[in-house]
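Peer 1: Based on what follows, work out the 3D shape:
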Amino acid sequence: MSAKVIRKELDLAGKKLVLETGELAGHANGSVLAQYGDTVVLATAVSKEAPPDMGFFPLSVDYEERLYAGGKISTSRFIKREGRPSEEAILTGRMIDRSIRPLFPKDYQAEVQVIVTVLSVDGENDPDVISLIAASAALSISDIPWNGPLSGIRVGKQNSDYFVNPTEEEKKFSDLDLVVASTKDEIVMIEATSNQIDEKTMAGAFEHAVEAGKQVIKLVEDFVKEAGREKQKYEPEKTDPVHEKMVKDFIEGKIIKDLETPGKAQDEAWFGESLDKLKEEFIKEDEATEGRIDAKVLGNILDDAVTDFMRKHVLTKKIRIDGRKPEEIRPISIKVPVLPRTHGSAIFQRGETQVLSIATLGSPSLEQLIEGMGGEAKRRYMHHYNFPPFSTGEVKRLGSPGRREIGHGALAEKAIVPILPSQDEFPYTVRVVSEVLSSAGSTSQASVCGSTLALMDAGVPIKDPVSGISIGLITDKTDKSKYVLLTDIAYQEDSQGDMDFKVSGTKNGITAIQMDIKLNGVPTNVLAEALERAKAARLSILEMMTNALPASREKVSPYAPTVILVKIDPSKIGEVIGSGGRVINKIIDTTGAAVDIEDDGTVTISAKEPEAAQKAAQWVEGIVKEPLPGEVYEGPVKRIVPFGAFVEILPGKEGLVHISKMAPYHVEKVEDIVKLDQIVKVKVSEVDDMGRLNLSMRFDGGDENDRSPSGDRQSRPQRRPQGRFDRRQSRDRGPRKRY
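Peer 2: Numbers count the residues shown, from 1 in each chain. This next block holds a predicted model:
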């Protein structure tokens, strides 16, 4: 007998949001098929008893992309099935994780896995927000204890208007891409990138998202009334009161006092070292299992003790455990440049958090090609973040980047992208790597600052410098209206605090936001206040950054490649490529430059040596140029025939100098005047109906149409590159632009 199918739907921003359960994935604790437009996802939630001594809440969230969802087959010749998750899939999974995690009961220790599988994408509606709603609905109808539901809303902005769930096409015209997960009245998670939006406008977008999300929450609540299961009964792990008091006394007497020691509040290894002391004191191998305190319980008691101490310290004294005032930023030091042979480098240090950022410039052909459900995309700016174990004084196995590294790298990348020059202005592919050398909280925002400085040192003409800061929150457990915002949170304030609100931006406005919390939600008025606090800190940091490096270098590094852009008529692309690639391959082999041609006629030439790029650019320009009567050239004699000589005036373009036009007197024999490979000066006397060039070596007549290469009518003006990048335009497409 088939299960009853339950379906609920809602009109959201002009499209139907549909939630359905009862037909698919019946063995899961909760499963929901969600559809918005023609984008469809399946979310499942499953729980099982966690292994003993887990020591943390074992929640995993996986976002599974399927190429069939977009009607695609992998372009790889050898691997056709999906492999490891893409960066986009990891980031979406992290976004869902950060949204749902705070709403699990703290004492619930079962293992929970949420999987969202994308089944269909329509190219208009991004599946990430639909996946968040589906995950919320699956947990809500399941028997897994969870304090939801949540809504997921994307907000865009054009001019002064906010709009909900913009399509992919509408995103192109939006100054804001904001995703908010919220309960009925409070915000749980924020992910945003924007084009330097001011704080008041951003706060308004938060409120707009919460208001729009209320109808989604009502939909899920109605869904739960019909499809919801009774929640699991679970018993929180209990500790013998006598043992618990002994542990607390030990913590208060011999551990907590360390937090008031300078540096301990920023030490990421401190908690682990303190837990080791507790294990050494209270876990005895020869003790009976019954009544024995295990490592997980010790960790929970220590976490509670540190949290309570820090909360009381900040709320009562209005002074942080490291001695700073709530709005005070840790000491900042900046060094730029750092490395001699890289294209740009900088060290940004805030407190004990230290990040080395390195910028590398490459040819446009090195941009990253990304294959996804919606097709292929190109990425010309990349930021990669590395978090080695020595940054926290630990010993761990090195491996491929984890979800944390990918997430922090993507956040810093989003913060920088809005201030990068366009490809026409600066046609390089740019990669920045941030190496975390010492971690004590807020490394992602230190990466934003370090990356900005490295780009400026590399000569990238960014629109404005970007800095980043994290704002924390400490609230009273019994009264959430009593709170203190903390500027530039150190590690313990991040780990045991209530919020990590990361804000990046320029002097003009915000470029990126990411928020994680440990509460069930934060009111919008608190976040509006946090935005203003972040602005003051951001401007202060920007002042220090511009004191260290006032503006981008005027020239790129001498170790960076030279890049030249030439615009040609698209109809002449075939001439530059040649039959079977003969012409373009000859240019590459002869000059050593890389030559790439786009369908719009943009020819990108890059080379390590400027001379090679210049030679290749001249070659391409010569191929597409149409010589005009009266123009004067110099070129080698390529062939000699009884009636004249063929001279190459441009790469691949030859013209005939008839024997009668070699001298002002009668010439008996061509060889009396010219030899093979001799460089001669000629003028174009005629271009016949078949496009053939007739040349003359006679200048005695003072032809009024003579035009030298530097004359007003010459089609190839002198090149005056600024730095090592020059943008050129062939005559048949208009005047060249130089940068």
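Peer 1: Strands of the stretch 351-500 of the chain, residue ranges please.
Peer 2: 353-362, 368-372, 375-379, 381-386, 429-438, 467-475, 483-487, 499-505 (DSSP state E, counting those that start in this stretch).
Peer 1: Throw these into CSV and include mean neighbour count and distance to Lys555, thanks.
Peer 2: C-beta here means a position set from N, CA and C on the backbone, and glycine is covered the same way. Formatted as CSV, the strands of the stretch 351-500 of the chain follow (neighbours: other CB atoms under 10 Å; distance: least, CB to CB, whole Å):
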stretch, mean neighbour count, distance to Lys555
strand 353-362, 24, 12
strand 368-372, 13, 26
strand 375-379, 12, 26
strand 381-386, 20, 20
strand 429-438, 22, 16
strand 467-475, 27, 25
strand 483-487, 21, 37
strand 499-505, 27, 27
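Peer 1: closest one to Leu676 among these?
Peer 2: Across these, Leu676 has its closest neighbour in strand 353-362 (41.3 Å, CB to CB).
Peer 1: now the angle from the closest one to strand 429-438?
Peer 2: Angular relation of strand 353-362 and strand 429-438 on a 0 to 180 degree scale: 160 degrees, by axes from the mean of the first three to the mean of the last three CA atoms, to 10 degrees.
Peer 1: What are the buried residues along stretch 308-315?
Peer 2: Buried residues in stretch 308-315, defined by neighbour count with 16 or more other CB atoms under 10 Å: Phe309, Met310, Arg311, His313, Val314.
Peer 1: that's a helix at the third one, yeah?
Peer 2: Right, the one you point to is Arg311. Yes. Counting by DSSP: H, G, I helix; E, B strand; the rest coil, one finds Arg311 located in a helix.
Peer 1: and the closest residue to it other than its chain neighbours, how far is that from Thr604?
Peer 2: Take Arg311 and drop its neighbours on the chain: the residue closest to it by CB to CB, 6 or more residues apart in numbering is Ile474, 5.6 Å away. The gap separating Ile474 from Thr604 is 53 Å, by CB to CB, to the nearest Å.
Peer 1: Then Pro364?
Peer 2: From Pro364 over to Thr604 the distance is 5 Å, taken as CB to CB.
Peer 1: what is in contact with those two at once?
Peer 2: Common contacts of Pro364 and Thr604 (CB atoms under 8 Å, 6 or more residues apart in numbering): Pro427, Val563, Asp596.
Peer 1: Buried among the residues you listed? Make that a ChimeraX selection.
Peer 2: Selecting only the buried entries of the shared contacts of Pro364 and Thr604 in ChimeraX, with 16+ other CB under 10 Å as the criterion:
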select :427,563
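Peer 1: Name the member of the shared contacts of Pro364 and Thr604 with the shortest distance to Asp457.
Peer 2: Set against Asp457, the nearest of the shared contacts of Pro364 and Thr604 by CB to CB is Val563 (18.1 Å).
Peer 1: quick one, the helix or strand that contains the closest one and strand 353-362 angle?
Peer 2: Per DSSP states H and E, Val563 falls inside strand 562-567. Put simply, strand 562-567 runs at 50 degrees to strand 353-362, going by the same axes, to 10 degrees.
Peer 1: re the thing from before, can I get the buried residues of stretch 308-315 in CSV including pLDDT and distance to Glu371?
Peer 2: Converted to CSV, the buried residues of stretch 308-315 look like this (pLDDT from 0 to 100; distance: CB to CB, whole Å):
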residue, pLDDT, distance to Glu371
Phe309, 89, 50
Met310, 89, 46
Arg311, 91, 48
His313, 89, 51
Val314, 93, 48
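Peer 1: who touches Ile406 in this structure?
Peer 2: Here Ile406 is in contact with Glu87, Ile90, Leu91, Tyr385 (CB under 8 Å, 6+ apart).
Peer 1: Tell me, how many residues neighbour the residue nearest to the third one when sequence neighbours are not counted?
Peer 2: It stands for Leu91. Spatial nearest neighbour of Leu91, chain neighbours left out: Ala410 (5.4 Å); criterion: CB to CB, 6+ apart. Using other CB atoms under 10 Å, Ala410 has 23 other residues around it.
Peer 1: Contact partners for Ala410?
Peer 2: Taking CB under 8 Å, 6+ apart as the criterion, Ala410 is in contact with Glu87, Leu91, His383.
Peer 1: now swap in Pro85 and tell me
Peer 2: Applying CB under 8 Å, 6+ apart, we find Pro85 in contact with Asp62, Tyr63, Glu64, Glu65, Gly93.
Peer 1: Surely Val118 and Asp62 touch.
Peer 2: No. Val118 is beyond contact range of Asp62, at 11.5 Å (criterion: CB atoms under 8 Å).
Peer 1: For the two, indicate the residue with more neighbours.
Peer 2: Set side by side, Val118 and Asp62 show more neighbours around Val118, with 24 against 17, by other CB under 10 Å.
Peer 1: what's across from the more buried one in the sheet?
Peer 2: Beta-bridge partners for Val118, by DSSP bridges, are Val41.
Peer 1: For it, give its distance to Pro85.
Peer 2: For Val118, the distance to Pro85 equals 11 Å [CB to CB].
Peer 1: Same question for the closest residue to Ser363 other than its chain neighbours, what's its three-state structure.
Peer 2: Nearest-residue entry for Ser363: Ser606, 3.4 Å, with adjacent residues in sequence omitted and distances by CB to CB, 6+ apart. Look at Ser606: counting by three-state DSSP, its state is strand.
Peer 1: For Ser606, give me its contacts.
Peer 2: Counting by CB under 8 Å, 6+ apart, Ser606 makes contact with Gly362, Ser363, Pro364, Ser365, Pro561, Thr562, Val563, Ile564, Ala593, Ala594, Ala613.
Peer 1: The helix or strand following the strand holding Val563: which residues count as buried?
Peer 2: Next along the chain after strand 562-567, taking DSSP H and E as the criterion, comes helix 573-577. In terms of neighbour count (16+ other CB under 10 Å), helix 573-577 has its buried residues at Ile573, Val576, Ile577.
Peer 1: same check, this time on stretch 602-610
Peer 2: Thr602, Val603, Thr604, Ile605, Ser606, Ala607.
Peer 1: Show me what counts as buried in the longest helix seen in the chain.
Peer 2: Determined from DSSP state H, the single longest helix within the chain is helix 199-227. By neighbour count on 16+ other CB under 10 Å, the buried set for helix 199-227 is 199, 201-210, 212-213, 216-217, 219-220, 223-224, 227.
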